[in-house]
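1. following is a predicted model, sequence given first.
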Amino acid sequence: DTGVSQNPRHKITKRGQNVTFRCDPISEHNRLYWYRQTLGQGPEFLTYFQNEAQLEKSRLLSDRFSAERPKGSFSTLEIQRTEQGDSAMYLCASSAAWGEQFFGPGTRLTVL
Amino acid sequence: AQSVTQLDSQVPVFEEAPVELRCNYSSSVSVYLFWYVQYPNQGLQLLLKYLSGSTLVESINGFEAEFNKSQTSFHLRKPSVHISDTAEYFCAVRMPQGGSEKLVFGKGTKLTVNP
């Protein structure tokens, strides 16, 4: 396992469509995080899982956003009815208990 | 709520010159502090971190940062930069009390090292 992987790396969609991103963490890590990064900004926290439990959610995570980690391994982030303001880089990170967060390469979403 | 301010959005320097990237945070409780680096077309990588103990922390590639509680700062320094240090640098804070594990990032500083 060489690190956190994310798929797809790029996604272009039309406004109003639904999109789903996948994150595969480092295999022994039980913690998984989603962040969003827009141009000129640092990453902003969206949500966090410990194993399959979603323990923390940001107010940025509107009801159009849903994240799951059904078996405590990979995670998916779905955005329903995408808006142009959703265009961003979506970053996933994983960590062991209280350890360093290792980031994946991100999924760049463009909403036309 | 905690926040992180990186005072310089862009820092151009010449090779072998010293550099300081500034970071200030606001929090009323103890924090953990981090510097992440993002090279062009790559993901974020941890450069160094302060959790407790010595206020001066160092990375393997010559960077260092000093935690200053009274000034709520965690500035990143390198005495002599290389072309390969060209990247974007992000300061981040985590508040361990209350069990939150989220990182709060600054807006980043783009370091450009010119020959």
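-> Done, it's in. Numbering: from 1, shown residues only, chains lettered A, B, ... in the order given.
2. and the residue of chain A found nearest chain B, what are its phi and psi?
-> With CB to the nearest CB as the measure, residue A:42 is the residue of chain A nearest to chain B, at 3.2 Å. All C-beta atoms are positioned from the backbone trio N, CA, C, and that covers glycine. The main-chain torsion angles of residue A:42 are listed as degrees, to the nearest 10 and equal phi -80, psi 170.
3. my read: residue B:75 touches residue B:20, true?
-> Yes: contact status for residue B:75 versus residue B:20: in contact at 5.6 Å, counting by CB atoms under 8 Å.
4. between these two, which is the more surrounded one?
-> A direct count of neighbours by other CB atoms under 10 Å in any protein chain shown for residue B:75 and residue B:20 places residue B:75 higher, at 19 against 13.
5. do you know how far the more buried one is from chain A?
-> Summarising the geometry, the distance separating residue B:75 from chain A, computed by CB to the nearest CB, to the nearest Å, is 17 Å.
6. dump the residue contacts of the residue nearest to residue A:82 when sequence neighbours are not counted.
-> Distance criterion CB to CB, 6 or more residues apart in numbering or on different chains; nearest residue to residue A:82, sequence neighbours excluded, is residue A:111 at 4.7 Å. Counting by CB atoms under 8 Å, 6 or more residues apart in numbering or on different chains, residue A:111 makes contact with A:13, A:14, A:15, A:82, A:83, A:84, A:85, A:86, A:87.
7. who's in contact with the residue nearest the centre of chain A?
-> The C-alpha lying nearest the average C-alpha coordinate of chain A belongs to residue A:34 (CA atoms, centre = their mean; 3.7 Å). By CB under 8 Å, 6+ apart, the residues touching residue A:34 are A:23, A:45, A:46, A:47, A:48, A:67, A:75, A:77, A:90, A:91, A:92.
8. the host helix or strand of the first one pairs with which strands, parallel or anti?
-> With the criterion set as DSSP states H and E, the secondary-structure element containing residue A:23 is strand A:19-24. Neighbouring strands of strand A:19-24 in its sheet, by DSSP bridges, are strand A:5-7 (antiparallel), strand A:75-79 (antiparallel).
9. the closest residue to chain A within chain B bridge partners, please.
-> Here the residue of chain B nearest chain A is residue B:105; by CB to the nearest CB that distance is 3.2 Å. Assessed by DSSP bridges, residue B:105 has beta-bridge partners residue B:92.
10. how many other residues sit next to it?
-> Here the neighbour count serves as a burial measure; for residue B:105 (other CB under 10 Å) it reads 23.
11. distance check, it against residue A:26.
-> In this structure, residue B:105 and residue A:26 are 21 Å apart, going by CB to CB, to the nearest Å.
12. on that earlier part again, of the strands paired with strand A:19-24, flag the one that's most buried.
-> Highest mean neighbour count among the strands paired with strand A:19-24 (mean count of other CB atoms under 10 Å in any protein chain shown): strand A:75-79, with a mean of 19.
13. where does residue B:80 sit, in terms of helix or strand?
-> Residue B:80 belongs to no helix or strand when elements are defined using DSSP H and E.
14. next, residue A:86: phi, psi?
-> For residue A:86, the backbone dihedrals are phi -80, psi -10 (criterion: degrees, to the nearest 10).
15. residue B:76 now?
-> The main-chain torsion angles of residue B:76 are listed as degrees, to the nearest 10 and equal phi -100, psi 130.
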